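[1] A structural model of the following input is requested.
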Amino acid sequence: MGAYRIVVFKSDDEPERQPTLREQMILAIVRRRYPRDIPASVTIADLHRLVANPETWKAECERRKINPPHPPPPNRDTVARALRRASLIE
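    The predicted structure follows:
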């Protein structure tokens, strides 16, 4: 059986997708902690700990006026994906 190659083309004409509320919350928490840029020494695990901290997540939910019960904090992959889409990490 032969190997398959998947090629994805991205059109410049295609509008960028708006970040979801959850992604906006992740970005707000990270940007509040790192207003200029994220240092190279900071890992995804550090960023996940920052965002998934129950007090930090609850405070961001309250800032956004999300009524209890608040949504659960995002997992590591969700944090990484949101930061990559926003070009804050590579």
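
[2] for residue 37, see how far away residue 75 is.
    Computed as CB to CB, to the nearest Å, the residue 75 to residue 37 distance reads 24 Å. Quick note: C-beta positions are derived from backbone N, CA and C, even for glycine.

[3] hmm, I typed the wrong one, I wanted residue 46.
    Distance from residue 46 to residue 37, counting by CB to CB: 14 Å.

[4] give me the more crowded residue out of these two.
    Comparing residue 46 with residue 37 by other CB atoms under 10 Å, the one with more neighbours is residue 46, at 13 against 10.

[5] pretty sure residue 74 contacts residue 29?
    No: taking contacts as CB atoms under 8 Å, residue 74 lies outside contact range of residue 29: 9.9 Å.

[6] and the gap between the most centrally placed residue in the chain and residue 45?
    By CA atoms, centre = their mean, the mean C-alpha position of the chain lies nearest to residue 82, the distance being 2.7 Å. Relative to residue 45, residue 82 is positioned 15 Å away (criterion: CB to CB).

[7] same thing with residue 74?
    Residue 74 sits 13 Å away from residue 45, going by CB to CB.

[8] need the overlap of contacts for the two.
    None of the residues lies in contact with both residue 74 and residue 45 under the rule CB atoms under 8 Å, 6 or more residues apart in numbering.
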